[in-house]
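> Structure of the sequence below:
(2 chains)
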Amino acid sequence: MSSSLKELQDLIQEKYGIDPATLDPNESMRDKGFDSLALVEFLFEIEDRLKISLPDPDPSIETLAGLAAVVDRVRAQQADAGEPAADTSAAS
Amino acid sequence: MSAVAVTGLGVVSPHGEDPQALFAALLRGESAVRPIFPELAKPAAAATVAFDESRWFTKLQLAGVDRVSQMAVAAADLAVKDAGGLHGAAPERVGVFGGCGMGGAVALEAAYRSGMATGAGRVPPLTVPAFMPNAPASHVAMRQQAQGPVFTYSVACASSAVAIAEAAKAVQRGEVDVAIAGGSEALIVPGVVMAWQAMQTLAAFPAGDAQAAATAVRPFAADRSGFALGEGAAFLVLESAARAKARGARAHALLAGWGHSCDATHLTKPEAAGQARALRMALQGAGLAPAEVGYCNAHGTATKIGDPIERDALALAWGGDLDRLKVSSTKALHGHLLGAAGALEAVITVLALAKRQLPPNAHCDAPDAACALNLVRPGAVDAPDLEAAVSSSFAFGGSNAVLVFRRA
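This next block holds a predicted model:
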């Protein structure tokens, strides 16, 4: 399982009041009410919270699991580039 | 031309979301104007709305929806419910006619603040769809599935009066079966309030004095010093009187006439002749003589310049019958809702007609001799013979809009 998935689920719970149990990571987020505008806002929030820079909106991001995989990949790239991850700075 | 019936009323106002409770509070002379933003250098007051957006939106639905659109959706929904629903109107035969002066001021101010913050400032990605002035009408359309004409009128303080008149025309021409018409405004944020303070049109009061703030707006009074900003939304459901009758709907009133004009002289200084043209056109359209109109919900912003000019305009239009016209400006109590003012005051005028009761011209203990009008005194509410009433909205930009209502 993606290491970021739990964080995204928590963020969705906090921001939208949506219980993770009601949002299957492998189902379409659009079907759960995340239209293109809501998704753009959510991506912005993820960038702010996780201190990462996501690629331009990726049409392949259809599910929460898919989004978590993108976040994982971005974090891995940042780690490779020697950038501190947000969670380590919080722990220091 | 067929008559246009007002079959639904909806408000999200500084006096709440129940039109009847709003009207009762006005009759009691209750002011909703309170001190705001104590951090500002100059004391500020406004009539704000205790609005619970969660009754209308999930948190997910709120993405990119500014307060001005939230309140529009709520007020329009309340109006449609009051009308008993759209009653089978085909979606493409339903129109939305919304007035809005500024658009999403809350989103815009937040964007400026975050974008220009020290460091890597970022602007929320939905700032543009949140602040565009036609967003409120579009959100109303989506919520009500109105697929006909969906228009926004941005005519400063006359915005929603113009919207209501344009909606009535569309109903009369048969372009729509049902029109959801009104307006919304939500710009009580520090930056906008400071801009209005700089304009020198807001009522003065001593810092920290809540009682003085509540009574600071004194239309037509000798000691008036301007208005207080208000926020909120109001919508009316309009349909032909024939359609309303056929479906057994109650009509609160008939929208009998409207008048438009532009002073075309000055951007912010009003002119009596221009206002009088709109008043006369509205009476003519309604087929009414001045003496047949018993009440005017005045624009009455309580500015030094504006009030006597409005008095002169009424004198020009009413002539020798001016004393028979009862006048009040309810802005003393609910503030100036700018782009939503015409709609809120239209609702109040409709209720005055339906109840044959007049809201007072509050806080005017000593009327200005230059504003000699038959003002509604507090407590003198009963108007048993009232048959028709007007609501005036005169805008920065010189545009004037007048609506005439008759008892149904």
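
> in the helix ranked longest in chain A, what's buried?
Identified as the longest helix of chain A according to DSSP state H is helix A:64-80. Neighbour-count burial for helix A:64-80 flags A:L64, A:A65, A:G66, A:L67, A:A68, A:A69, A:V70, A:V71, A:V74, A:R75, A:Q78 (criterion: 16 or more other C-beta atoms under 10 Å in any protein chain shown). C-beta coordinates here come from the backbone N, C-alpha and C atoms, glycine included.

> Return the residues of chain A in contact with chain B.
Proximity of chain A to chain B (C-beta under 8 Å from any C-beta of the partner chain) is limited to residues A:15-18, A:33-34, A:37-38, A:40-44, A:48.

> now, among these, which is nearest to B:D312?
A:L37 (49.1 Å; C-beta to C-beta).

> I'd say the closest one and B:L126 touch.
Yes - under the criterion of C-beta atoms under 8 Å, A:L37 makes contact with B:L126 at 5.8 Å.

> Let me see the ranges of the helices in the chain.
Because you didn't say which chain, this covers chain A. Secondary structure of chain A, counting by DSSP H: helices at A:5-16, A:36-50, A:64-80, A:86-91.

> The intended chain is chain B.
Listed in chain order, the helices of chain B (DSSP H) span residues B:19-27, B:67-82, B:105-115, B:127-131, B:135-144, B:159-172, B:190-198, B:210-214, B:241-246, B:272-286, B:306-318, B:331-334, B:341-355.

> Make JSON lines out of those helices and add mean neighbour count, distance to chain A and mean pLDDT.
Shown next, in JSON lines, are the helices of chain B (neighbours: other C-beta atoms under 10 Å in any protein chain shown; distance: least, C-beta to the nearest C-beta, whole Å; pLDDT from 0 to 100):
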{"stretch": "helix B:19-27", "mean neighbour count": "20", "distance to chain A": "30", "mean pLDDT": "98"}
{"stretch": "helix B:67-82", "mean neighbour count": "26", "distance to chain A": "13", "mean pLDDT": "98"}
{"stretch": "helix B:105-115", "mean neighbour count": "18", "distance to chain A": "10", "mean pLDDT": "94"}
{"stretch": "helix B:127-131", "mean neighbour count": "20", "distance to chain A": "7", "mean pLDDT": "97"}
{"stretch": "helix B:135-144", "mean neighbour count": "24", "distance to chain A": "11", "mean pLDDT": "98"}
{"stretch": "helix B:159-172", "mean neighbour count": "28", "distance to chain A": "25", "mean pLDDT": "98"}
{"stretch": "helix B:190-198", "mean neighbour count": "16", "distance to chain A": "22", "mean pLDDT": "97"}
{"stretch": "helix B:210-214", "mean neighbour count": "16", "distance to chain A": "35", "mean pLDDT": "98"}
{"stretch": "helix B:241-246", "mean neighbour count": "16", "distance to chain A": "34", "mean pLDDT": "97"}
{"stretch": "helix B:272-286", "mean neighbour count": "21", "distance to chain A": "40", "mean pLDDT": "98"}
{"stretch": "helix B:306-318", "mean neighbour count": "23", "distance to chain A": "41", "mean pLDDT": "98"}
{"stretch": "helix B:331-334", "mean neighbour count": "30", "distance to chain A": "33", "mean pLDDT": "98"}
{"stretch": "helix B:341-355", "mean neighbour count": "28", "distance to chain A": "27", "mean pLDDT": "98"}
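
> closest one to A:D56 among those helices?
Across the helices of chain B, A:D56 has its closest neighbour in helix B:127-131 (17.1 Å, C-beta to C-beta).

> residues in contact with A:L54?
For A:L54, the contact set (C-beta atoms under 8 Å, 6 or more residues apart in numbering or on different chains) comprises A:L43, A:I46, A:E47, A:V70, A:V71, A:V74.

> any idea how far the residue nearest in space to the middle of chain B is from B:A158?
Nearest to the geometric centre of chain B sits B:A341, at 1.9 Å (C-alpha atoms, centre = their mean). The gap separating B:A341 from B:A158 is 8 Å, by C-beta to C-beta, to the nearest Å.

> Between these two, which contacts overlap?
Common contacts of B:A341 and B:A158 (C-beta under 8 Å, 6+ apart): B:S393.

> Need the max-distance pair from the residues of chain A next to chain B.
Using C-beta to C-beta, the pair of the residues of chain A next to chain B lying farthest apart is A:G33 and A:D48, separated by 21.1 Å.

> These two - which one has more neighbours?
Shown here are A:G33 and A:D48; by other C-beta atoms under 10 Å in any protein chain shown, A:G33 has more neighbours (15 against 12).

> The more buried one is in contact with B:K59, isn't it?
No - using C-beta under 8 Å, A:G33 is not in contact with B:K59, being 9.9 Å away.

> picking that back up, closest to B:G182 out of the helices of chain B?
Smallest distance to B:G182 across the helices of chain B (C-beta to C-beta): 3.7 Å, for helix B:341-355.

> circling back to that earlier point, A:L37 and B:L126 - which one has more neighbours?
More neighbours surround B:L126 than the other of A:L37 and B:L126, with 20 against 15 (other C-beta under 10 Å).

> got the contact list for the residue lying closest to B:D223 once chain neighbours are set aside?
Take B:D223 and drop its neighbours on the chain: the residue closest to it by C-beta to C-beta, 6 or more residues apart in numbering or on different chains is B:A366, 6.6 Å away. Going by C-beta under 8 Å, 6+ apart, B:A366 touches B:A221, B:A222, B:D223.

> one step back: from A:D10, how far out is the residue nearest to the centre of chain B?
Between B:A341 and A:D10 the distance is 44 Å, computed by C-beta to C-beta.

> Please compute how far the longest helix of chain A lies from its chain's middle.
How far helix A:64-80 lies from its chain's middle: 8 Å, per C-alpha atoms, centre = their mean, to the nearest Å.

> which strands and helices sit next to it?
Judged by 3 or more C-beta pairs under 8 Å, 6 or more residues apart in numbering or on different chains; DSSP states H and E, the packing partners of helix A:64-80 are helix A:5-16, helix A:36-50.

> Mind putting the ones you listed into a markdown table with mean pLDDT?
Formatted as a markdown table, these follow (pLDDT from 0 to 100):
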| stretch | mean pLDDT |
| --- | --- |
| helix A:5-16 | 95 |
| helix A:36-50 | 93 |
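
> Hmm, B:A135 is touching B:D66, no?
Yes - counting by C-beta under 8 Å, B:A135 does reach B:D66; the two are 6.6 Å apart.

> By mean pLDDT, point me to the weakest helix or strand of chain A.
The weakest-scoring helix or strand in chain A, judged by mean pLDDT, DSSP states H and E, is helix A:86-91 (a mean of 44).
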